[in-house]
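Engineer: This is a predicted model, with the sequence first.
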Amino acid sequence: MTATGSVVLVAVYESMNKRLSTRDYILLLLKTNGQMSTKELQHKLGLTKVAVSRQMVHLEKDGYVQYSLGRHQPGRPMHYYSLTLLGQEQFPSDYGQLAVELLDHMAIEEGEDRLSDFFKRQQERFMERYEARMQGKDLSDRVAELAEIQDANGFMTKWEQHSENTFTMTQHNCPYFKIANRYEVICERELSSYQILLAAQVERPDCVAKGARQCVYLIRASASNS
């Protein structure tokens, strides 16, 4: 599973108001983050230290988690939890399908509007995370920056410049393939995000979710910036 896929899975879970069991959510958080302190788990779960400790005692007893002691600041050592091999084996190999099933459940239980709101929030978070990296750059540098961001996010991204104001960006992998195959809105939101971050005209003639081998974006300077 890619890091991007795990982020989507956790975000879907949190958007559904944690309807999975606390035990399963803890395992998911440890799978995603690798290692977490008691305090970090408290923050994510919204539980007291006693409640979190009780959960971890049961998970450790069942063989799903292990802990080490460490300090980030003066004071008593803190417990840092991670999954054991048995804990790792609790996860299915097809996370894309699991994410689709969670989204289907959200649509059935809470309606298409809630699903639309979820994808909108994901787009907003994406842009908030990276908009500062676009500030003060010309279009070619913005394209290069976005390609680097999405390559790090697992999209296997390359870009080319064809003229002063024309570029292509190609994504050879789609971490969201199974989700996009079921919910085209995730592709629409991605395209819209690129248009806003790049402040340019962006088209996508080829899309993996529509049967293409790769996603290709044609990028041109907007009339006001050319």
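Structural biologist: Everything's here; your move.

Engineer: Show me the contact partners of stretch 200-207.
Structural biologist: For stretch 200-207, contacts defined as CB atoms under 8 Å, 6 or more residues apart in numbering pick out 139, 142, 187, 191, 194-195, 212-222, 225. C-betas here are computed from N, CA, C, even on glycine.

Engineer: Using neighbour counts, give me the buried entries of those residues.
Structural biologist: 139, 142, 187, 194-195, 214-217, 219-221 (16 or more other CB atoms under 10 Å).

Engineer: Give me the subset of these lying in strands.
Structural biologist: Among the buried ones among the contacts of stretch 200-207, the members found in strands (DSSP state E) are 215-217, 219-221.

Engineer: so what pLDDT did residue 12 get?
Structural biologist: According to the prediction, residue 12 has pLDDT 61.

Engineer: now the strands for the chain?
Structural biologist: Under DSSP E, the chain gives strands at 36-37, 65-70, 78-83, 157-163, 166-171, 200-206, 215-221.

Engineer: Now distance to residue 21 too, for these, in JSON lines please.
Structural biologist: Putting the strands of the chain into JSON lines (distance: least, CB to CB, whole Å) gives the following:
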{"stretch": "strand 36-37", "distance to residue 21": "17"}
{"stretch": "strand 65-70", "distance to residue 21": "15"}
{"stretch": "strand 78-83", "distance to residue 21": "16"}
{"stretch": "strand 157-163", "distance to residue 21": "37"}
{"stretch": "strand 166-171", "distance to residue 21": "35"}
{"stretch": "strand 200-206", "distance to residue 21": "39"}
{"stretch": "strand 215-221", "distance to residue 21": "36"}
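
Engineer: can you redo the ones you listed as JSON lines with mean pLDDT and distance to residue 115?
Structural biologist: Listed next are the strands of the chain as JSON lines, based on pLDDT from 0 to 100; distance: least, CB to CB, whole Å:
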{"stretch": "strand 36-37", "mean pLDDT": "90", "distance to residue 115": "29"}
{"stretch": "strand 65-70", "mean pLDDT": "87", "distance to residue 115": "32"}
{"stretch": "strand 78-83", "mean pLDDT": "88", "distance to residue 115": "30"}
{"stretch": "strand 157-163", "mean pLDDT": "95", "distance to residue 115": "27"}
{"stretch": "strand 166-171", "mean pLDDT": "96", "distance to residue 115": "24"}
{"stretch": "strand 200-206", "mean pLDDT": "97", "distance to residue 115": "22"}
{"stretch": "strand 215-221", "mean pLDDT": "97", "distance to residue 115": "22"}
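
Engineer: related to what we said a few turns ago, any chance of a markdown table for the ones in strands among the buried ones among the contacts of stretch 200-207, columns distance to residue 49?
Structural biologist: Converted to a markdown table, these look like this (distance: CB to CB, whole Å):
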| residue | distance to residue 49 |
| --- | --- |
| 215 | 45 |
| 216 | 50 |
| 217 | 47 |
| 219 | 50 |
| 220 | 54 |
| 221 | 54 |
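
Engineer: Return the member of those residues nearest to residue 56.
Structural biologist: Nearest to residue 56, judged by CB to CB, of these is residue 215 at 41.3 Å.

Engineer: For stretch 126-138, what does the pLDDT average out to?
Structural biologist: 94.

Engineer: My error: substitute stretch 43-52 in the last question.
Structural biologist: For stretch 43-52, the per-residue pLDDT averages 92.

Engineer: start to end distance for that stretch?
Structural biologist: One end of stretch 43-52 to the other measures 10 Å (CA to CA, to the nearest Å).

Engineer: Quick check: the residue nearest to residue 144 when sequence neighbours are not counted vs residue 152, distance?
Structural biologist: Counting by CB to CB, 6 or more residues apart in numbering, residue 159 is the residue found nearest to residue 144 once chain neighbours are left out, at 6.4 Å. Going from residue 159 to residue 152 by CB to CB, to the nearest Å gives 14 Å.

Engineer: Many thanks, we can stop here.
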